[in-house]
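Enquirer: After the sequence you'll find the predicted model.
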Protein chains: 2
Amino acid sequence: MRITAVEEYGLRCLLTLAGKGTSGQMSISEIAEKEGLSIPYASKLLGILRRAGLVVAARGRTGGFSIARDPKEIGLYEILTALGGPLIDPNHCQKYSGQLDECVHFANCSVHDILGGLAGFVQDFLSKTTLQDLLAGNTSRRLFIPEKDLVVLNKAALSAELTEAPTTPEPGA
Amino acid sequence: MRITAVEEYGLRCLLTLAGKGTSGQMSISEIAEKEGLSIPYASKLLGILRRAGLVVAARGRTGGFSIARDPKEIGLYEILTALGGPLIDPNHCQKYSGQLDECVHFANCSVHDILGGLAGFVQDFLSKTTLQDLLAGNTSRRLFIPEKDLVVLNKAALSAELTEAPTTPEPGA
DNA sequence: ATGATACTTTACAGAATTGTACAGTATTTG
DNA sequence: CAAATACTGTACAATTCTGTAAAGTATCAT
């Protein structure tokens, strides 16, 4: 489970463009130089971003790329899935079924449950973090919280938890 | 960003073994058949798990694999990193520096901040979810919570948030 | 002892991903 | 209109990952 190269570089290119604002513009050459990428590679990445509707391209002599929307309106989830596909393949069960025709855990597959749940979890986090957050350096808003202070719970169960066991959250199953 | 095949299958093999308990045992053949994998491939996966200290192997005629520790003591984070390497490469900046000698964002790299933060976030979630949770089907404890009820916040800021804005959490930056 | 069984290790073919090369199309400037 | 500039699309070499193959080592039953 890792960030792919395309996701990494693509996100950076988009971030650079976002820094110029909606009315700003940069050519592939400029972006490539700023990010230390080759021009053909930057072209490919920008092409992906354009087809995903995240940037708009102007052709011709005075052409270049601009960010398609306000950075506040672009979540990381949309960006990363555009660049690297879905977090969990929708046909996961079908794809990873080994030599059998279908997933051997088809009926009751806790692995898929947990991985699907993780994906939703990551998606939630990534969706709520926007390009604007990255631009503003707002990484500390949801990040860098000491682990002991980090909780991920159902709100309803949380009120009780806050007044009872401050250290080890254990809501009813 | 995705779950790799080795992570997926390796986790399943480990889960199957965990179902037999610490004193239980299964041969590669049995595991391979149960998971729909080829015997050589299952061998490779079990080898990885063994070197990571997650399973123990007994050689010889009555040999086989057993889970190394109580499933309650094995978190998903340990498993997935053993099978697929770290979520974020420690030498991320060095590796993904394009054609330059070092990451062009070296001094102030919000991309690395956010990705590193995400990794810590995922790590926290995965560490707190154990094999036992998967065995018991306890996927609902931290999963399948409606998004509107899901909060990820600093505890200190949370008490105030619970009494003020129940829908859109916005702690001070 | 000896053979059967089962884990261990290394090497390798096929597939997917990465990054590059290059020819093509569109637009502006003079 | 013609040249320059910049995006677009396809094809391809290099690398990495996936899954297989096969030879080797250890242990137990007889």
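Expert: Thanks, I have it. Numbers count the residues shown, from 1 in each chain, chains lettered A, B, ... in the order given.
Enquirer: Close to DNA strand C: what parts of chain A are there?
Expert: Contact residues (C-beta under 7 Å from any atom of the strand) of chain A with DNA strand C: A:4-6, A:9, A:37-38, A:40-41, A:43-44, A:59-63. For every residue, glycine as well, the C-beta is placed using N, CA and C.
Enquirer: now, which of those lie close to chain B?
Expert: A:4, A:5, A:9, A:37, A:38 (C-beta under 8 Å from any C-beta of the partner chain).
Enquirer: Which one (most neighbours) among these?
Expert: Counting neighbours by other C-beta atoms under 10 Å in any protein chain shown, the top entry in these is residue A:37, with 23 neighbours.
Enquirer: Do I have it right that that one meets residue A:8?
Expert: No - using C-beta atoms under 8 Å, residue A:37 makes no contact with residue A:8, being 10.8 Å away.
Enquirer: list the residues that contact both of the two?
Expert: Counting by C-beta atoms under 8 Å, 6 or more residues apart in numbering or on different chains, residue A:37 and residue A:8 have no contacts in common.
Enquirer: Tell me which residues of the helix or strand encompassing residue A:32 come out buried.
Expert: Assigned by DSSP states H and E, residue A:32 belongs to helix A:28-35. Residues A:28, A:30, A:31, A:32, A:33, A:34, A:35 are the ones in helix A:28-35 that count as buried (16 or more other C-beta atoms under 10 Å in any protein chain shown).
Enquirer: Surely residue A:42 and residue A:35 touch.
Expert: Yes - with contact defined as C-beta under 8 Å, residue A:42 counts as touching residue A:35 (6.9 Å).
Enquirer: So for those two, which residues contact both of them?
Expert: Both residue A:42 and residue A:35 are in contact with residue A:13, where contact means C-beta under 8 Å, 6+ apart.
Enquirer: how about residue A:26, what does it touch?
Expert: Here residue A:26 is in contact with A:16, A:17, A:20, A:34, A:64, A:65, A:66 (criterion: C-beta under 8 Å, 6+ apart).
Enquirer: now do 6 Å
Expert: A:17, A:64, A:65 (C-beta atoms under 6 Å, 6 or more residues apart in numbering or on different chains).
Enquirer: mind checking the SS state of the first one?
Expert: Three-state assignment for residue A:17 (DSSP: H, G, I helix; E, B strand; the rest coil): helix.
Enquirer: Excluding chain neighbours, what is closest to it?
Expert: residue A:67 (4.9 Å; C-beta to C-beta, 6 or more residues apart in numbering or on different chains).
Enquirer: okay, now the one you found: neighbour count?
Expert: Residue A:67 has 26 nearby residues by other C-beta under 10 Å.
Enquirer: just to revisit the earlier point, now for the residues of chain A next to DNA strand C, which pair is the farthest apart?
Expert: Based on C-beta to C-beta, the longest span within those runs between A:4 and A:61 and measures 34.0 Å.
Enquirer: List the beta-bridge partners for the residue nearest to residue A:17.
Expert: Beta bridges link residue A:67 to residue A:55, judged by DSSP bridges.
Enquirer: the domain parsing of chain A - what is it?
Expert: For chain A, the domain assignment from automatic domain parsing gives the residue ranges A:5-140, A:143-173.
Enquirer: need the helices for chain A, in chain order.
Expert: All helices of chain A, identified by DSSP state H, fall at A:5-18, A:28-35, A:39-51, A:76-84, A:92-95, A:110-128, A:131-135, A:155-164.
Enquirer: Could I get the buried residue list for the third one?
Expert: Neighbour-count burial for helix A:39-51, counted by 16+ other C-beta under 10 Å, picks out A:41, A:42, A:44, A:45, A:46, A:48, A:49.
Enquirer: Now rank the contacts of residue A:26 by neighbours and give me the top one.
Expert: Neighbour max across the contacts of residue A:26 (other C-beta under 10 Å) = residue A:17, 28 neighbours.
Enquirer: quick one: residue A:71 and residue A:46, what's the gap?
Expert: Separation of residue A:71 from residue A:46 (C-beta to C-beta, to the nearest Å): 17 Å.
Enquirer: circling back to that earlier point, specify which member of the buried residues of helix A:39-51 is nearest to DNA strand C.
Expert: For these, the closest approach to DNA strand C (C-beta to the nearest atom of the strand) belongs to residue A:41, at 3.5 Å.
Enquirer: tell me the contacts of the closest one?
Expert: Per C-beta under 6 Å, 6+ apart, neighbours of residue A:41: none.
Enquirer: per-residue pLDDT, residue A:122?
Expert: Among the per-residue scores, residue A:122 shows a pLDDT of 70.
Enquirer: Let me have the buried residues of helix A:39-51 in JSON lines, adding pLDDT as columns.
Expert: As requested, the buried residues of helix A:39-51 are exported to JSON lines (pLDDT from 0 to 100):
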{"residue": "A:41", "pLDDT": "93"}
{"residue": "A:42", "pLDDT": "94"}
{"residue": "A:44", "pLDDT": "96"}
{"residue": "A:45", "pLDDT": "96"}
{"residue": "A:46", "pLDDT": "97"}
{"residue": "A:48", "pLDDT": "96"}
{"residue": "A:49", "pLDDT": "97"}
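Enquirer: Cheers, nothing more for now.
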